[in-house]
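Peer 1: My questions are about this predicted structure, shown below with the sequence.
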Amino acid sequence: MSHPSAPVSALDGVACRQVDTLAATHEQPVRLRLAGESRAGSPGWEPLGPGECARIYTGAPLPPGADAICPVEQLGSGAPEGWVDLLRPARPEDVRPLGEDFGAGEMVLPPGRLTPERLALAAALGHAAVPVLRPWRVALLSTGDEVKEPGEPLLPGEVYDSNRVGLRALLSECGCGVLDLGHAPDHPGALAERLESLGGADLLLTSGGVSMGRYDFVRDLLLERGKVDFWKVRMRPGGPVMLGTWADTPVLALPGNPVSSLVVFQVLARPALTGEGLHRVWLRAGSRFSSLPDKTLFVRATCTGGTVQPYPRQSSGVLRSLSESQALAVIPEGQDKAPGDEVEVLLL
Ligand SMILES: Nc1nc2c(c(=O)[nH]1)N[C@H]1C(S)=C(S)[C@@H](COP(=O)(O)OP(=O)(O)OC[C@H]3O[C@@H](n4cnc5c(N)ncnc54)[C@H](O)[C@@H]3O)O[C@H]1N2
Ligand code: MOO
């Protein structure tokens with residue numbers, strides 16, 4: 001089908017032939033005979049003759065013969081019953097042509113994420129249902145002896161499990177189903193046990209235990225009993241990230257630092273899970289960004305007045321930096337940015 005399925009009015013007013021109205025002015029209105037009415041949903045179909053018009057409402061089809069609209073605000077008040085005075089010419093631009101939105105046979109909704117806007121379009125196309133791919137099912141596990149559930153009492157040296165909470169929300173945002181495996185202690189046996197029931201997950205996402213420490217058992221488990229595709233990416237934060245396989249399930253092992261786990265998710269996992277990355281724009285640097293010689297930096301940054309500036313504290317432990325930033329500024333290896341330079345920015 002086409003939408004609209006016939007030429008329709010964009011305004012409440014009268015439909016008429018433009019040629020009849022070209023001379024209309026406030027001083028010398030053009031008087032047309034009122035021949036009918038067309039309402040959205042119950043159109044009148046009498047064809048218009050020369051010198052005639054029909055009342056019309058927004059979204060209603062034009063009667064045959066009409067080609068222009070004059071809005072109600074541009075109608076005079078002095079016309080006798082059954083007549084209408086136009087204070088200016090009627091305009092064809094105020095007619096929405098047949099198929100203005102989409103025409104029959106056109107490809108309108110190619111495969112992609114069903115955003116609210118695309119869902120609305122599917123409905124406008126008349127689809128009561130659309131075929132969809134099953135959402136990714138992602139198993140999520142955080143690790144670390146010091147990691148406790150929010151709400152529990154906290155002993156010195158312990159931290160609340162912020163990573164799993166943040167990652168769970170990010171996964172939902174990406175349209176994934178989450179199989180929450182909870183939290184495992186730093187013990188290879190306990191970890192392997194926790195990973196026994198992956199419940200048919202398409203991906204295992206872990207947090208922590210992938211760096212150089214003695215107790216970084218996620219790394220050891222994948223190296224010794226799984227398969228590692230890569231370990232370490234030239235990025236900061238998030239350098240120690242590992243990608244591999246555990247029992248035929250792909251594993252993305254995120255570093256444990258609170259900022260690193262969330263940033264790696266945004267930069268590496270989100271594009272893989274959704275087919276779309278973060279929204280990318282270019283802004284002018286409002287202050288200096290220093291680069292590293294051997295790593296791309298994803299600098300937590302604030303965007304104000306059309307410029308971007310680094311958040312003052314860039315430690316991977318400062319989680320509040322992420323909630324107080326609007327963006328990650330991408331600073332490639334060896335490319336310091338001076339105030340005024342263009343910077344690639346990923347909007348959070
Ligand atoms: N000798 C080296 N040490 C470290 C290196 C390195 O290259 N050489 N890399 C550093 C970088 S960069 C990162 S990032 C971290 C990543 O370490 P792990 O993935 O092994 O993470 P953990 O040691 O388990 O934890 C690090 C940090 O994050 C806290 N954490 C862990 N899990 C959670 C959680 N679920 N919620 C909140 N906070 C969590 C944990 O308490 C630690 O403070 O390694 C550096 N070390
Ligand atoms: O990623 Mo580590 O992420 O630089 O602290």
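Peer 2: In hand now; what should we look at? Ligands and ions are numbered 1, 2, ... in the order given.

Peer 1: interface residues of the stretch 51-200 of the chain facing ligand 1?
Peer 2: Among all residues of the stretch 51-200 of the chain, those adjacent to ligand 1 (criterion: Cβ under 6 Å from any ligand atom) are 142, 144, 146-147, 159, 161-164. For the C-beta atoms, the positions are set from N, CA and C on the backbone; glycine is no exception.

Peer 1: again, only this time at 5 Å
Peer 2: 142, 144, 147, 159, 161-163 (Cβ under 5 Å from any ligand atom).

Peer 1: Next, format the residues you listed as TSV and append neighbour count and pLDDT.
Peer 2: As requested, these are arranged in TSV below (neighbours: other Cβ atoms under 10 Å; pLDDT from 0 to 100):
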residue	neighbour count	pLDDT
S142	25	97
G144	22	95
V147	21	96
V159	14	97
D161	22	98
S162	16	98
N163	30	98
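
Peer 1: Widest-spaced pair of those residues?
Peer 2: In these, two members sit farther apart than any others by Cβ to Cβ. They are G144 and S162, at 11.5 Å.

Peer 1: ok, how many other residues are close to A66?
Peer 2: If you count neighbours by other Cβ atoms under 10 Å, A66 ends up with 26.

Peer 1: Any idea how many residues pack against the spatially closest residue to it that is not a sequence neighbour?
Peer 2: Distances taken as Cβ to Cβ, 6 or more residues apart in numbering place A15 nearest to A66, at 3.9 Å, with adjacent residues excluded. If you count neighbours by other Cβ under 10 Å, A15 ends up with 32.

Peer 1: same check, this time on T25
Peer 2: Counted with other Cβ under 10 Å, the burial measure for T25 works out to 11 neighbours.

Peer 1: That one is in what secondary structure piece?
Peer 2: T25 belongs to no helix or strand when assigned by DSSP states H and E.

Peer 1: isn't it right next to L87, touching?
Peer 2: Yes. With contacts counted by Cβ atoms under 8 Å, T25 reaches L87, the gap being 7.0 Å.

Peer 1: Number of residues surrounding A123?
Peer 2: Neighbouring residues of A123 were enumerated by other Cβ under 10 Å; the total is 11.

Peer 1: before we move on, back to that, what about the residue nearest to A66, is that helix, strand or coil?
Peer 2: strand (DSSP: H, G, I helix; E, B strand; the rest coil).

Peer 1: Tell me which residues are up against the lengthiest helix in the chain.
Peer 2: When every helix of the chain is counted residue by residue (DSSP state H), the longest turns out to be helix 162-173. Defining contact as Cβ atoms under 8 Å, 6 or more residues apart in numbering, one finds that helix 162-173 is touched by 138, 140-142, 150, 178, 180, 182-183, 205, 207-208, 254, 256, 258, 261-262, 265-266, 269-270, 273, 319.

Peer 1: Now restrict those to buried residues only.
Peer 2: Among those, those buried by neighbour count (16 or more other Cβ atoms under 10 Å) are 138, 140-142, 178, 183, 205, 207-208, 254, 256, 258, 261-262, 265-266, 269-270, 273, 319.

Peer 1: Just these: which are in helices?
Peer 2: Residues of the buried ones among the contacts of helix 162-173 located in helices (DSSP H): 258, 261-262, 270, 273.

Peer 1: Relative to A122, which of these is nearest.
Peer 2: Distance from A122 was checked for each of those by Cβ to Cβ. The minimum falls on L273, at 21.8 Å.

Peer 1: tell me the pLDDT at the spatially closest residue to the closest one that is not a sequence neighbour?
Peer 2: Using Cβ to Cβ, 6+ apart and skipping residues adjacent in sequence, the residue nearest L273 is C174, 4.6 Å away. On pLDDT, C174 comes in at 93.
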